[in-house]
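A.B. asks: Here is a sequence with its predicted model. Questions after.
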Amino acid sequence: MIKKIVPESMLTCPKCGFKKIETMPTDACQWFYKCENCGVLLKPRAGDCCVFCSYGSIPCPPVQQNSQ
């Protein structure tokens, strides 16, 4: 059974806790994201491929696809 790729993830800023639902790129990982609330530039944690895998409610589409 093929799972459907979820294109949106809720990012949570680790500095201020601000949350926002963002649409993820489907063909690449996103390495940087600027928090709209506090302005901190988020970068992936060690071992993660992108900010969605580090701070999102759902991992990025390439990771979702590889886990099927």
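C.D. replies: Cool, the structure landed.
A.B. asks: And the lowest-mean-pLDDT helix or strand in the chain, what does it pack against?
C.D. replies: When the helices and strands of the chain are scored by mean pLDDT, DSSP states H and E, helix 61-66 comes last with a mean of 87. When contacts are defined as 3 or more Cβ pairs under 8 Å, 6 or more residues apart in numbering; DSSP states H and E, helix 61-66 packs onto no helix or strand at all. C-beta coordinates here come from the backbone N, C-alpha and C atoms, glycine included.
A.B. asks: How about that helix, which residues are buried there?
C.D. replies: 61-64 (16 or more other Cβ atoms under 10 Å).
A.B. asks: Does residue 40 touch residue 12 like I think?
C.D. replies: No. In this structure residue 40 lies outside contact range of residue 12 using Cβ atoms under 8 Å: 11.9 Å.
A.B. asks: Does the spatially most central residue of the chain fall in a helix, a strand, or a coil region?
C.D. replies: Closest residue to the average C-alpha location of the chain: residue 52 at 1.1 Å, with Cα atoms, centre = their mean. Recorded secondary structure, residue 52: helix (DSSP: H, G, I helix; E, B strand; the rest coil).
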